[in-house]
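*Asks:* return atomic coordinates for the entry below.
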Amino acid sequence: MSLPSIHPNWDLPPKGMTDGYSLEITAKDIDALREAAPAMAPETPVAVTFLPGESLEARIEAARTVRALGFEPMPHFSARRLESGDDFEAYLAAVVREAGVTRCFIIAGDPPEAAGPYTDSMSLIRTGAFERAGIKAIGIGGHPEGHPNMTPDQCFDILIAKCAEIEARGMAPLIVTQFSFDAAPVLSWLAELRTRGINAPVRIGIPGPAGIKTLMRFAARCGVGASASVLTKYGISITKLIGTAGPDKLIDALGKGLGSQHGKVRLHFYPFGGLARTVEWINDYTTSR
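*Replies:* Just a heads-up that it's a prediction; the model follows:
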C-alpha cells in the first residue's frame, strides 16, 4: 500500500542540520509566532500542544494562525485529557475544517487516569477518526533516553505496533522524540530503531536556547537525563547555574554522528526560551555552518 507523503522534502537529503526543522507552540504563543514568522521558512511544521487550562477555541485559533501565516499546523491530541468521543472528534473536525490540518500528533498524556474513554494514543488511532477526517500523517512520541514506566524493549514494541496500525489505516507515521542534552543516546536509539525495522522518519527533540535554570526545570519535569557529565558536554556547569545555553554542541555532535544507518532525520525545537529567540538562534546557526 502506498502511503501519503508527509512532505516531499523527506525524500531529499537535508542541506544542513537545521534544514526542514519544526517548532512547538502552545495556544498562548500566537503573538510570539506572528513576531517570529518573518524569519521562518514557509511551510515550517508547527506543533500546537494540548495543555491543561487551555480552551478548545484557543487551540483551534492557534492552528488557524499557524496556517494563516503560511506554516503547517500539527495539533496535539492528549488521549487521557479528552473527556469524550464527542470532544475528540469535534476538535479534530474543527482543526481540519478551519486550519486545513492534515497531520496530527498523539500522546497518552500526563494524567495517571483518563478523563474519558481514551487511555493511550493507540486507542485514538483505532477509532478510525483520523483517516475519516483526511489526516495524512500521525506523529507519535519516541524516548531515546527511556520511559519511566516501560522497558526499552516495551518502548520499541509499542512503536512498532503504532507504526503498523497507522500505516494499515493509510496514513504515514512520524516519530518525534523527547528533547535531550546528549547526542550519544539519541544516535544509539536511532540505530536500534532502524535495526528493529522501524523506518518512519524521525524528528529529534532539541531544547531551544534558554536560561540554564529554565532548561534544568524542564529537564526535571520531563525526566530528561541531566547528569553533570551530560550537562558539561552540552555546555552547562552545574556549579554555575546562571546565564543561558544553546544547543550548538548538541547539534554539532548529531551532525557528526548521523549516517545512513540512522534513516530519515530532522530536528524539532522546543522553544523553552521563547519562540523568536529560538528562530533567531536557528538562523544564526544555519548561516554560521
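
*Asks:* where's G205, which helix or strand?
*Replies:* strand 202-207 (DSSP states H and E).

*Asks:* quick one: that strand to chain centroid distance?
*Replies:* Averaging C-alpha positions (C-alpha atoms, centre = their mean, to the nearest Å) puts strand 202-207 6 Å from its chain's average.

*Asks:* cool, and stretch 264-281?
*Replies:* For stretch 264-281, the distance to the chain centre is 11 Å (C-alpha atoms, centre = their mean).

*Asks:* circling back: I'd like the distance from whichever helix or strand comes after the strand holding G205 to the chain centre, please.
*Replies:* Once the chain leaves strand 202-207, the next helix or strand it forms, by DSSP H and E, is strand 210-211. Taking C-alpha atoms, centre = their mean, one finds strand 210-211 lying 20 Å from the centre of the chain it belongs to.

*Asks:* quick one, what contacts A172?
*Replies:* Counting by C-beta atoms under 8 Å, 6 or more residues apart in numbering, A172 touches 3-6, 136-138, 166, 200. Yep, even glycine has a C-beta here, placed from its N, CA and C like the rest.

*Asks:* and if you look at K136?
*Replies:* Contacts of K136 (C-beta under 8 Å, 6+ apart): 4-6, 102-103, 171-172.

*Asks:* and the pLDDT for it?
*Replies:* K136 is assigned a pLDDT of 97 by the prediction.

*Asks:* what's opposite the residue nearest the centre of the chain in the beta bridge?
*Replies:* Centroid-nearest residue in the chain: V176, 4.2 Å away (criterion: C-alpha atoms, centre = their mean). Note on V176: beta-bridge partners G141, R203, judged by DSSP bridges.

*Asks:* residues contacting it?
*Replies:* 22, 47, 105, 139-142, 202-203, 205, 268.

*Asks:* just the buried subset of the contacts of A172, please.
*Replies:* Among the contacts of A172, those classed as buried by neighbour count (16 or more other C-beta atoms under 10 Å) are 6, 136-138, 166, 200.

*Asks:* of those, which pair is most distant in space?
*Replies:* K136 and A200 (13.6 Å; C-beta to C-beta).

*Asks:* so where's the stretch 101-250 of the chain uncertain?
*Replies:* 216, 218-245 (pLDDT under 70).

*Asks:* sketch out the strands for it, chain order is fine.
*Replies:* 103-107, 137-142, 172-179, 202-207, 210-211, 244-245 (DSSP state E, counting those that start in this stretch).

*Asks:* neighbouring contacts of the fourth one?
*Replies:* With C-beta under 8 Å, 6+ apart as the test, strand 202-207 has contacts from 22, 139, 142, 174-181, 186, 190, 193, 215, 218, 247, 250-251, 254, 263-270, 272.

*Asks:* which parts of the stretch 101-250 of the chain are helices?
*Replies:* 121-125, 129-132, 152-168, 183-195, 212-222, 228-234, 248-257 (DSSP state H, counting those that start in this stretch).

*Asks:* if anything else comes up later, I'll come back, but that's it for now.
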